[in-house]
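Enquirer: Structure of the sequence below:
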Amino acid sequence: MKKKIIKNILLIIIGSIVYAISISLFLNPNKIAPGGVSGIAIMAGHFIDIGVGTLTFFINLPILIIGLIKLGKGFFAGTVISILFSSVLTDIFAKLPPLTDDTMLSAIAGGVTLAIAIGLIFKAGFTTGGTDIIVRLIKLKHKHLKTGMIFFIVDGVISVASGIVFKNPDYALYALLSLVISSLVLDIVLYGSDEARLVYIITKKEKEITEYILEKMDIGCTLLECEGAYSGEKRQTLMCAVKKRDLPQLQEYVLNTDSDSFMIVTSANEIYGEGYKLRMNNY
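Expert: Next up, the predicted model:
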């Protein structure tokens with residue numbers, strides 16, 4: 001328990017630092033507002049002489065109250081810490097020169113670092129506030145939806161609005177680019193890459209192939225009873241989830257063992273369980 005608390009604190013600290021770097025050294029100096037409360041703060045900060053970090057904190061307050069009511073005190077405490085820490089660091093880092101003046105590079109680097117920051121804080125069980133809380137509330141009711149996609153939908157309007165606020169559609173396009181990158185990277189940070197295939201094998205030598213899959217490849221396999229529609233012959237279909245790098249090995253063995261076998265290989269968008277990624281409780 002103590003190790004978990006220390007780990008979560010470290011995730012919040014590292015995530016907040018990366019968040020501040022993303023906002024202060026990439027996005028804000030180049031007028032890129034990729035959605036969220038931070039995006040609103042970036043737009044407001046160019047018209048109000050208040051730090052983006054400070055603006056982010058005050059805009060978050062009413063959303064935090066909703067989070068407290070819906071998500072509980074444990075969530076509230078960690079989120080307040082992450083918001084305070086990231087807000088303070090954002091204003092401190094704003095005193096440094098931007099890492100690049102190239103808008104395209106800033107959109108890409110800002111999107112990647114922002115996703116990493118949010119992902120780290122999410123892994124600790126908290127958020128950076130703003131639309132993060134809204135996304136978490138949505139995920140409580142719709143667990144099947146991917147976090148990155150929800151962010152893209154919720155934050156897209158804010159990104160488009162930045163083009164109007166800054167009176168230049170280019171800024172909206174750069175913001176959307178950063179948002180797309182952030183959404184994709186966030187899903188990778190939270191869920192990992194889905195490099196797996198779902199394989200169905202119809203063969204007369206199911207025992208040999210099953211033994212090979214279980215013992216030699218060390219992966220699970222399920223036998224499904226089936227019957228040929230034309231021949232009426234009853235067989236067993238092997239079904240297994242195979243990591244992409246192991247697929248050629250399985251294909252070669254099956255074809256060498258039973259040249260008359262029938263194999264169907266499909267993409268597996270998400271696989272949860274032993275040997276694959278574990279489903280996160282909230283995200």
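Enquirer: drop to CA atoms for contacts and neighbour counts, all remaining ones
Expert: OK.
Enquirer: right, and Pro97 touches Leu25 too?
Expert: Yes. Using C-alpha atoms under 8 Å, Pro97 makes contact with Leu25 at a distance of 6.9 Å.
Enquirer: what about those two, which has more around it?
Expert: Leu25 (24 against 12; other C-alpha atoms under 10 Å).
Enquirer: contacting residues for the more buried one?
Expert: Residues counted as contacts of Leu25 (C-alpha atoms under 8 Å, 6 or more residues apart in numbering) are 93-94, 96-100.
Enquirer: would you list every one of the helices in the chain?
Expert: With DSSP state H, the ranges of helices along the chain come out as 2-22, 36-45, 52-71, 73-93, 103-123, 131-141, 147-165, 169-191, 206-211, 247-257.
Enquirer: Least confident of those helices, on average?
Expert: The minimum mean pLDDT among the helices of the chain belongs to helix 131-141 (a mean of 74).
Enquirer: So which bits of the lengthiest strand in the chain are buried?
Expert: For the chain, the strand with the greatest residue count under DSSP state E is strand 234-243. By neighbour count on 16 or more other C-alpha atoms under 10 Å, the buried set for strand 234-243 is 235-243.
Enquirer: how much does that strand deviate in direction from helix 247-257?
Expert: Using axes from the mean of the first three to the mean of the last three C-alpha atoms, to 10 degrees, the inter-axis angle of strand 234-243 relative to helix 247-257 is 150 degrees.
Enquirer: Work out which residue lies at the spatial centre of the protein.
Expert: Asp187 (2.0 Å; C-alpha atoms, centre = their mean).
Enquirer: For Met149, see how far away that one is.
Expert: Distance of Asp187 to Met149, computed by C-alpha to C-alpha, to the nearest Å: 8 Å.
Enquirer: ok, now Val254?
Expert: 38 Å.
Enquirer: of the two, who's got more company?
Expert: Val254 (24 against 17).
Enquirer: of all the buried residues of strand 234-243, which comes closest to Val180?
Expert: The nearest member of the buried residues of strand 234-243 to Val180, counting by C-alpha to C-alpha, is Lys243 at 26.5 Å.
Enquirer: Excluding chain neighbours, give the residue nearest to the closest one in space.
Expert: Ala196 (4.2 Å; C-alpha to C-alpha, 6 or more residues apart in numbering).
Enquirer: Just put the buried residues of strand 234-243 in CSV and tack on pLDDT and distance to Ser261.
Expert: Putting the buried residues of strand 234-243 into CSV (pLDDT from 0 to 100; distance: C-alpha to C-alpha, whole Å) gives the following:
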residue, pLDDT, distance to Ser261
Arg235, 80, 12
Gln236, 82, 12
Thr237, 90, 10
Leu238, 93, 11
Met239, 92, 13
Cys240, 91, 15
Ala241, 88, 18
Val242, 87, 18
Lys243, 79, 21
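Enquirer: These into JSON lines, with extra columns for distance to Thr56?
Expert: Shown next, in JSON lines, are the buried residues of strand 234-243 (distance: C-alpha to C-alpha, whole Å):
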{"residue": "Arg235", "distance to Thr56": "62"}
{"residue": "Gln236", "distance to Thr56": "59"}
{"residue": "Thr237", "distance to Thr56": "56"}
{"residue": "Leu238", "distance to Thr56": "54"}
{"residue": "Met239", "distance to Thr56": "50"}
{"residue": "Cys240", "distance to Thr56": "47"}
{"residue": "Ala241", "distance to Thr56": "44"}
{"residue": "Val242", "distance to Thr56": "44"}
{"residue": "Lys243", "distance to Thr56": "42"}
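Enquirer: Max pairwise distance over the residues you listed: which two?
Expert: Top of the distance list for those (C-alpha to C-alpha): Arg235 and Lys243, 25.5 Å.
Enquirer: For the residue of the chain most remote from its centre, give me the pLDDT.
Expert: Largest separation from the mean C-alpha position in the chain: Ser231, at 46.9 Å (C-alpha atoms, centre = their mean). The model reports Ser231 with a pLDDT of 78.
Enquirer: give me every residue that touches the closest residue to Gly228 other than its chain neighbours.
Expert: Computed as C-alpha to C-alpha, 6+ apart, the closest residue to Gly228 that is not its neighbour in sequence is Lys234, at 6.4 Å. Taking C-alpha under 8 Å, 6+ apart, we find Lys234 in contact with 225-228.
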